[in-house]
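Enquirer: How does the following fold in three dimensions:
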Amino acid sequence: MILSFQGFFLSVAKGGMTFDTINLGDFPLSGPIIMLAVDAVLYGLLAFYLDRVIPGEYGVRYKPWYFLLPSFWCGDNRKSGELTSLIDNKHVNINEEDKDGDIEMVSTDLENKAALRIFNIRKTFENSDKEDVHAVDGISLDIYQGQITGLLGHNGAGKTTLINMLCGLTPPSQGSAIINNLDITNNNDLEKIRATAGICPQHNILYDDLSCREHLQVFAGIKGVQPNLVKSEIERSLKEVGLTDQAEVYSKDLSGGQKRKLSVAIALIGDPKIIILDEPTAGMDPYSRRQLWSLLKNSKEGKVILLTTHFMDEADILADRKAIISKGQLRCCGSSLFLKSKFGIGYHLNMVVEPEVCKVNEITEILKQNVDGVELQRSHGKELSYTVPMTEIDKFSGKQAFYQDRHKISKI
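Expert: This is a model prediction of the structure:
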């Protein structure tokens, strides 16, 4: 009330508030203005502090005294060897169960290229019945620079939860991971990881009223792309994912597959050294999928690429190493040859036939005469599929008797 009268007084008697009249009177208006400015700064700092200490659904919780720690102001001066030793002693509990032969061993040269090391990482949630649910249950895995590593598993296996922990969206309940000598459980390190990472989440996070070009321009700025290189980076990214013709189209008008392409382009722009893709080809047509496979294969040199997929053919063709997760645990990991040799039931022989004239029984009999253990798996339409034991694969050599009967098969 007093301030209202003071303002009315200045307006009537002095022609309004100016720098000359702001301090007039027993209750000058300069006091409230200064108080409002101080309040704005204090509430801003408090909001910034609480956002770190009490995050929402996503984000890593900082310690309440984090701003008092020397590492917050001066950075972490730990060396990579000290960091790895610390994490090993603190988080890893290796037992004989982890060495049962389901993980393919790698050469010493490749072992030294481990750029992403996951140590006994766990994530536990509480369900509606107040019971603990282990979404990720003690996974330890090394991912190597210059390779594409694929995560395979059923829905609910823990793939996305694992990726969310690596990206800092969800803090681990136990364990940790080292990415290029940076610890994901260290908040300062996590910010450095995010600065060098390109992430394509499971669901498209796009702005409806921004075009493809505008999306890439925004994220190029966030990732620190040099201003003089932004335009060329955007054009290159659009061309790589096949969105050149849709460059000016709003994201809300894109198809599901095109939105997925844009999410992948956002992850790849800025030449990140760490690329994490959660089901990147979901909703894409076969041509676009293969185009993305070629892009990732050509981009893997000097980078760490981790992706999840439900497509077995995609993992087989694209990933150098495959890690299979079930019920939050790592079941096996290795190359395609290793996994097929250890768990496979054999090779598949597929034929395209004319269903009106094809005699399935005669074809099967000819195959059984030359290959022991061959089994008919599928006969549908124009497709005929057999399973061939791995021990019999040498029977398909051009010099073997099987090929002496190939003309018979072609005539049946």
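
Enquirer: pLDDT weak spots in the chain?
Expert: Applying pLDDT under 70 to the chain flags the ranges 1-27, 29, 55-59, 71-72, 75-101, 344-346, 357, 390-412.

Enquirer: roughly how far apart are residue 105 and residue 319?
Expert: Residue 105 sits 18 Å away from residue 319 when distances are taken as Cβ to Cβ, to the nearest Å. Bear in mind the C-beta positions are built from the backbone N, C-alpha and C, glycine included.

Enquirer: Give me the more crowded residue out of these two.
Expert: residue 319 (22 against 10; other Cβ atoms under 10 Å).

Enquirer: my read: that one touches residue 149, true?
Expert: Yes. Using Cβ atoms under 8 Å, residue 319 is in contact with residue 149, at 6.1 Å.

Enquirer: what sits in contact with each of the two?
Expert: residue 307 (Cβ atoms under 8 Å, 6 or more residues apart in numbering).

Enquirer: wouldn't residue 122 be in contact with residue 133 here?
Expert: No. Judged on Cβ under 8 Å, residue 122 makes no contact with residue 133 at a distance of 11.4 Å.

Enquirer: how about the strands of the chain, start to end?
Expert: 114-126, 132-144, 147-152, 174-179, 182-183, 197-200, 274-278, 304-309, 321-326, 329-334, 347-352, 375-380, 383-388 (DSSP state E).

Enquirer: Quick one: closest of the ones you listed to residue 49.
Expert: strand 182-183 (22.7 Å; Cβ to Cβ).

Enquirer: and that closest one, which strands flank it?
Expert: Strand 182-183 has its sheet partners listed here by DSSP bridges as strand 174-179 (antiparallel).

Enquirer: Alpha carbons of the strand it pairs with, as PDB, please.
Expert: The C-alpha coordinates for strand 174-179 follow below in PDB (Å, rounded to 0.1, in the frame of the first residue of the first chain):
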ATOM      1  CA  GLN A 174      25.300 -50.500  -8.100                       C
ATOM      2  CA  GLY A 175      28.400 -50.800 -10.300                       C
ATOM      3  CA  SER A 176      29.700 -48.400 -12.800                       C
ATOM      4  CA  ALA A 177      31.000 -48.000 -16.400                       C
ATOM      5  CA  ILE A 178      34.100 -46.300 -17.800                       C
ATOM      6  CA  ILE A 179      33.800 -44.500 -21.100                       C
END
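
Enquirer: so how far is that strand off the chain centroid?
Expert: 16 Å (Cα atoms, centre = their mean, to the nearest Å).

Enquirer: And for residue 220, the neighbour number?
Expert: 21.

Enquirer: Can you get me a residue count around the residue nearest to it when sequence neighbours are not counted?
Expert: Spatial nearest neighbour of residue 220, excluding adjacent residues (Cβ to Cβ, 6 or more residues apart in numbering): residue 230 at 4.9 Å. Per other Cβ under 10 Å, the neighbour tally for residue 230 reads 16.
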